[in-house]
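In: Got a sequence here, can you build the structure:
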Amino acid sequence: MRNRVVRFLTLMFTITALAGHAQFDPKKVCRYEDGKLIFTLDQRWTAKQQREISQRYSIDSALMAAALGLKPIPADSCYGWKARKIDANRVELTGEPCNISGGAGTADKIFLLDDQVIQYKKETTAETELFPYGVNRLTRNTIVQLSPGKLRFFLPGYKNAKRVMLCGSFNDWSTAQTPMTHSDSGWLVTLNLQPGKYAYKYIIDGKWVNDLFNKSREDDTQGGYNNVFFCYNYKFALTGFEKAKNVLVAGSFNQWNEKELRMIRFRGNWVLPMFLREGTHAYKFIVDGEWITDPSNKVTRPDGMGHFNSFVGIGDTLFFSLKGYPNAKKVIVSGDFNGWNKEELSMTRTKGGWSIPYVLAAGNYEYKFIVDGEWVTDPANPFTTGVEKVRNSFLAVRPNFTFRLEQHSDARNAIVTGSFNNWSQQDYRMDMYQGTWLFPIWLKPGKYTYKYIVDGKWIQDPTNTLWEENEFGTGNSVVWVER
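Out: Residues are numbered from 1 along each chain as shown. Predicted coordinates:
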């Protein structure tokens with residue numbers, strides 16, 4: 001009898017204990033419906049269980065605590081999250097990413113569904129050189145940027161499909177590398193990608209299918225098209241102007257098009273997430289037809305026409321420096337990277353000369369200094385292009401190849417020229433270092449033909465056995481630049 005009482009009391013204790021705690025199944029916390037993420041949270045969860053859910057789904061702890069306590073959602077959450085009580089203990093948290101021009105937007109925080117995040121090698125890069133900017137144009141949130149570099153792809157429907165793959169430029173169009181996971185409303189996969197432009201398609205049980213909810217597309221050279229999307233890395237934001245009806249952003253990245261990039265109203269502010277290529281970009285906001293600089297950005301520079309523009313830099317900062325000239329009143333740096341603007345980049349006087357920070361993407365640039373109105377090349381930079389008064393200093397940012405000419409240490413000058421500069425006889429002047437002529441340069445991946453001009457004489461690269469015939473019967477050296 002005593003044993004039965006003990007078992008009964010033990011059972012009652014267990015039932016009572018379970019009644020005081022929620023049934024905890026992390027896999028049933030989140031679901032995805034109609035482009036929305038929905039979380040069912042329980043106020044009876046222990047602190048440990050809350051941390052597990054927060055880590056599993058990357059839920060911001062402050063947002064989760066606010067939802068469980070039915071407090072106002074933090075102002076920095078850019079997804080319009082709403083919390084509602086569904087019974088005595090459970091709270092449902094629903095969020096829908098911001099729409100931009102009918103498409104999915106981005107923000108700093110969002111929740112992740114419980115599936116695998118597919119990461120690609122660093123060698124896999126986006127197309128960035130030809131695309132200075134980009135905004136996704138979706139009619140439904142089939143692509144959602146969850147956080148910087150992390151994107152969620154959602155293919156709605158196809159519940160009876162057996163296998164769905166996502167392929168595109170990010171995985172070299174592999175038909176087997178990126179499988180999608182089946183959910184109750186479609187197929188999902190999360191990718192880690194570098195900022196930039198990508199093309200893609202779906203393969204559903206062996207059949208290639210486009211994303212019908214994506215209006216951005218390009219020719220696939222096979223009689224069809226690929227969908228295109230951008231992985232964002234920047235967000236324009238304009239605070240205030242609650243009564244404004246239309247706000248746009250325009251800048252050097254989109255040729256100052258004043259009708260293209262419409263911003264969206266969000267919690268009393270105006271925002272526009274987008275992709276911006278590395279480098280320095282000038283911009284302004286257009287508020288109901290009036291052009292204004294960014295009031296929250298202290299970096300403004302003259303445009304050379306009596307006005308000012310705001311500036312933003314994406315990437316690493318370098319410094320243009322000019323030694324000496326202690327008596328100069330004004331020193332400017334100007335180059336092809338800013339349209340040879342004579343007023344924009346005023347340098348700051350330093351202890352030994354003049355300096356200015358600037359952001360440039362990987363590439364090749366020409367520039368000069370303007371010292372009290374006089375144009376001068378950079379005396380600290382041995383690499384130049386052109387001749388006489390039209391000679392400019394040459395700068396390769398993050399060069400990925402160096403031309404080397406040996407066996408001609410007694411030559412007075414050497415130039416490298418080829419298909420990369422239209423065989424110019426004035427570009428590019430090499431510099432002698434320890435008996436070898438050198439010229440560092442940034443080149444896109446691909447094949448190039450080239451030659452050296454040594455004291456006016458054209459020669460092939462004596463150390464390169466790879467060459468091909470030309471129309472003159474003298475042959476050109478060949479080099480392949482890998483990604």
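
In: Return the set of buried residues in stretch 153-172.
Out: Across stretch 153-172, burial judged by 16 or more other CB atoms under 10 Å covers 153-156, 158, 161, 164-171. No exception for glycine: its C-beta is placed from N, CA and C like everyone else's.

In: what about dumping the CA coordinates of it to PDB?
Out: The C-alpha trace of stretch 153-172 is given here as PDB (Å, rounded to 0.1, in the frame of the first residue of the first chain):
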ATOM      1  CA  PHE A 153      15.400  31.900 -50.800                       C
ATOM      2  CA  PHE A 154      11.800  30.700 -50.700                       C
ATOM      3  CA  LEU A 155      10.000  28.900 -53.500                       C
ATOM      4  CA  PRO A 156       6.300  28.800 -52.700                       C
ATOM      5  CA  GLY A 157       4.200  25.800 -53.700                       C
ATOM      6  CA  TYR A 158       5.400  22.600 -55.400                       C
ATOM      7  CA  LYS A 159       4.400  20.500 -52.400                       C
ATOM      8  CA  ASN A 160       4.500  17.300 -54.400                       C
ATOM      9  CA  ALA A 161       7.900  17.900 -55.800                       C
ATOM     10  CA  LYS A 162      10.500  15.300 -54.800                       C
ATOM     11  CA  ARG A 163      13.700  17.400 -55.200                       C
ATOM     12  CA  VAL A 164      14.300  21.100 -55.700                       C
ATOM     13  CA  MET A 165      17.700  22.600 -56.300                       C
ATOM     14  CA  LEU A 166      18.800  26.300 -56.400                       C
ATOM     15  CA  CYS A 167      21.600  27.000 -58.900                       C
ATOM     16  CA  GLY A 168      23.200  30.200 -60.100                       C
ATOM     17  CA  SER A 169      26.400  32.200 -60.600                       C
ATOM     18  CA  PHE A 170      27.100  31.800 -56.800                       C
ATOM     19  CA  ASN A 171      27.800  28.100 -57.200                       C
ATOM     20  CA  ASP A 172      29.000  28.000 -60.800                       C
END
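
In: Just the buried residues of stretch 153-172: which are in strands?
Out: 153-156, 164-168 (DSSP state E).

In: Pipe the residues you listed into TSV and attach distance to residue 483 and pLDDT per row.
Out: Formatted as TSV, these follow (distance: CB to CB, whole Å; pLDDT from 0 to 100):
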residue	distance to residue 483	pLDDT
153	24	95
154	30	94
155	29	94
156	34	93
164	29	94
165	24	94
166	22	95
167	19	93
168	16	94
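
In: Make a markdown table out of those residues and add distance to residue 307.
Out: Below are those laid out as a markdown table (distance: CB to CB, whole Å):
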| residue | distance to residue 307 |
| --- | --- |
| 153 | 43 |
| 154 | 44 |
| 155 | 47 |
| 156 | 47 |
| 164 | 52 |
| 165 | 51 |
| 166 | 46 |
| 167 | 47 |
| 168 | 42 |
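
In: Pick out whichever of the residues you listed sits closest to residue 467.
Out: Comparing these against residue 467 with CB to CB picks out residue 168 as the nearest, at 36.4 Å.

In: who's that closest one bridged to?
Out: Beta bridges link residue 168 to residue 200, judged by DSSP bridges.

In: Equivalent analysis for residue 436, please.
Out: Bridge pairing for residue 436 - DSSP bridges - gives residue 433.

In: any idea which helix or strand carries residue 402?
Out: Following DSSP states H and E, one finds residue 402 within strand 401-405.

In: where in the stretch 51-200 of the chain is pLDDT low?
Out: Within the stretch 51-200 of the chain, the segments meeting pLDDT under 70 span 55-62, 70-80, 96-130.

In: can you give me the strands in it?
Out: 82-85, 90-95, 99-100, 103-104, 117-119, 133-134, 143-147, 150-156, 164-168, 181-182, 186-192, 196-204 (DSSP state E, counting those that start in this stretch).

In: Rebuild those as JSON lines, extending it with distance to residue 455.
Out: Shown next, in JSON lines, are the strands of the stretch 51-200 of the chain (distance: least, CB to CB, whole Å):
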{"stretch": "strand 82-85", "distance to residue 455": "75"}
{"stretch": "strand 90-95", "distance to residue 455": "69"}
{"stretch": "strand 99-100", "distance to residue 455": "58"}
{"stretch": "strand 103-104", "distance to residue 455": "58"}
{"stretch": "strand 117-119", "distance to residue 455": "52"}
{"stretch": "strand 133-134", "distance to residue 455": "45"}
{"stretch": "strand 143-147", "distance to residue 455": "55"}
{"stretch": "strand 150-156", "distance to residue 455": "55"}
{"stretch": "strand 164-168", "distance to residue 455": "50"}
{"stretch": "strand 181-182", "distance to residue 455": "65"}
{"stretch": "strand 186-192", "distance to residue 455": "52"}
{"stretch": "strand 196-204", "distance to residue 455": "43"}
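
In: Nearest to residue 357, out of those strands?
Out: Nearest of those (CB to CB): strand 133-134, 22.4 Å.

In: Give me the residues contacting that closest one.
Out: Identification of contacts with strand 133-134 by CB atoms under 8 Å, 6 or more residues apart in numbering yields 197, 230, 253-254, 274-277.

In: Could you identify the buried members of the residues you listed?
Out: For these, buried by 16+ other CB under 10 Å: 197, 230, 253-254, 274-277.

In: ok, which pair from these is furthest apart?
Out: Pairwise distances across the buried ones among the contacts of strand 133-134 peak at 14.2 Å for 197 and 254 (criterion: CB to CB).

In: returning to what we had before: toward the C-terminus, what is the element adjacent to the strand holding residue 402?
Out: That would be, after strand 401-405 and using DSSP H and E, strand 414-418.

In: center of the chain - which residue?
Out: residue 195 (2.6 Å; CA atoms, centre = their mean).

In: does that residue really touch residue 232, like I thought?
Out: Yes. Between residue 195 and residue 232 there is a contact under CB atoms under 8 Å: 6.7 Å.

In: Overlap of the contact sets of those two?
Out: With CB under 8 Å, 6+ apart, residue 195 and residue 232 have common neighbours residue 275.

In: Having no further points to raise, I will conclude here.
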